[in-house]
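Student: Here you go, sequence then predicted model.
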Amino acid sequence: MSAPLNVSRRHFLELTGAAAATVAWTADSYAKILGANDRINVGFIGAGGMANAHMDTYNNLKEKNNLQAIAVADCWKTRAEAGAEKTGAAHTLTDYRKVLDHKEIDYVTIATPEHQHAHMTIDALDAGKAVYCEKPMTHTIPEALAVMKKQTETKLPIQVGVQSMSDDSYISARKAIEGGILGQVVQAQIEYVRRYGEQGPFRKPSICQDDTPKPDDLNWNDWLGPAKKVDWNPHHYFEWRNYAAYSGGVATDLFIHRITRIMKALNLVYPRRVVGMGGIWQWPDGRDLPDNFEMICEYPRGMTVYVLGTMSNRVGIDHLIRGYRGTMYFTPEGWVAKDKDGKVLGEHKKTGAEDTHLHHTNLHNHLRNGEELNCPVELGLAGTTAVVMANESWRTGQMMGWDKENKKMVPCHTQKHNPYPEKDS
């Protein structure tokens, strides 16, 4: 892996205060826990919709990548049993912690609502397991920092489930940008747009109505986990992405896929300030997160990132990065950089794709031989920070700033605005 990537990782760790505690893993380090040709044993935490997609991926890869499913856990027993049957796992569990008791498991896939990600990931690391955690890495910024701290302490890998990071366009873009192809970068833009039907985003009327009963074998309190204890609510369970207690909605479920691409291409970590705007404009149906949303992040190096996210219209905008010398356009084939007159400055034909098979295989290769992770904990932290700040800006009607000393978001009116770029940002 090239020098700029190693420098970037150190830069991330310096910003999170973790550099002194981190030691790079070598191939010999991995050999002590997992031989290059050994079978990788997998545990599944969560057996719902996205979890089933990961199980399908597992079934497609188990022979090629020499995998074995050991246990599946879900607080709804019926789902756990279906997941175990699907994967051939020997153990069906309703308590995720019992998955972690299986010493032979090498890594766990965590595919649960967002509010459960942090403590499940930390528990898995404490149990000596590597982790594949669905995006966003955590529900809050303090949780992201806690996960980062635990990963630094244990030195166990975390692959965050932003599968587009297994498309090499963004690491290629970083190398080209660091090489000066665009000159000074000043702005980037990207989107995640959809047009939902009458039900609105994240609603599931075919399986969820006001009077849908709680399944007898679903442990509701376990599903709530660290969230506020409330009575059974089928909309909260089946449509949790609409509620801030469990999700960040459009920002954390969709934007995270897009903004992480820009972060990887430009090596961005903490924004200087963020604004989120939008509202519950089309589907005022009890949800407490916006159905149409957009955000702007300003980064201390002296640039902004804009993300569009209408759920009422699918007409998008170009995905691009603007610099003084030229503009980089991301396309289905990779990227092309052009100057102000349209002259091509450089281009890249991608390998890989936004694909769970590639993303899990990257983790398998990391476990076996130390291959660089495509979406490590540092990117998970960067993405979570931006989208959580955007949601807080929308919720409070204030622009949010980043307090570097205390590593937390604060209202911008408490900070003096600095109009100049900061060094080493």
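Tutor: Now that the structure is in, tell me what you want to look at.
Student: Hmm, M165 and K264 touching each other?
Tutor: Yes. Here K264 lies in contact with M165, judged by Cβ atoms under 8 Å, at a distance of 6.3 Å. Heads up, the C-betas are built off the backbone N, CA and C, glycines and all.
Student: What strand or helix carries P421?
Tutor: Following DSSP states H and E, there is no helix or strand that holds P421.
Student: shared neighbours of K264 and M165, anything?
Tutor: L379 (Cβ atoms under 8 Å, 6 or more residues apart in numbering).
Student: neighbour-wise, which of those two wins?
Tutor: Between K264 and M165, M165 has the larger neighbour count (other Cβ atoms under 10 Å), namely 28 against 24.
Student: Mind jotting down where the helices sit in this structure?
Tutor: With DSSP state H as the criterion, the chain has helices at 3-16, 27-33, 49-61, 77-87, 96-100, 117-126, 141-154, 169-178, 220-224, 234-238, 256-266, 356-369, 377-396.
Student: right, and the ones you listed - which one's nearest A337?
Tutor: helix 169-178 (6.8 Å; Cβ to Cβ).
Student: what about K416, neighbour count?
Tutor: K416, neighbours per other Cβ under 10 Å, totals 6.
Student: distance of it from A386?
Tutor: Applying Cβ to Cβ, to the nearest Å, the value for K416 to A386 is 22 Å.
Student: wouldn't G383 be in contact with T138 here?
Tutor: No. Assessed by Cβ under 8 Å, G383 is found out of contact with T138, at 10.0 Å.
Student: so where's the stretch 101-250 of the chain shaky on pLDDT?
Tutor: Within the stretch 101-250 of the chain, not a single segment meets pLDDT under 70.
Student: What segments of it are strands?
Tutor: Secondary structure of the stretch 101-250 of the chain (DSSP state E, counting those that start in this stretch): strands at 107-110, 130-134, 158-161, 185-191.
Student: distance of the residue lying closest to P157 once chain neighbours are set aside from L156?
Tutor: Leaving out its chain neighbours, the residue that sits closest to P157 by Cβ to Cβ, 6 or more residues apart in numbering is A130, at 4.7 Å. Per Cβ to Cβ, A130 is found 5 Å from L156.
Student: OK, contacts around the residue in the chain sticking out farthest from the centre?
Tutor: In the chain, the residue that sits farthest from the middle, by Cα atoms, centre = their mean, is D341; the gap is 36.6 Å. When contacts are counted by Cβ under 8 Å, 6+ apart, D341 touches no other residue.
Student: pLDDT score assigned to it?
Tutor: pLDDT, D341: 97.
Student: For N221, see how far away A118 is.
Tutor: 18 Å.
Student: which one of these two has more residues nearby?
Tutor: A118 (24 against 8).
Student: ok, now which ones touch that one?
Tutor: By Cβ under 8 Å, 6+ apart, the contact list for A118 reads 137-140, 143-144, 146-147.
Student: Ignoring the adjacent residues along the chain, who's closest to it?
Tutor: Leaving out its chain neighbours, the residue that sits closest to A118 by Cβ to Cβ, 6+ apart is E143, at 3.6 Å.
Student: Can you report how many residues lie near the one you found?
Tutor: 23.
Student: Now do the end-to-end distance for stretch 293-309.
Tutor: Stretch 293-309 has its terminal residues 5 Å apart, counting by Cα to Cα, to the nearest Å.
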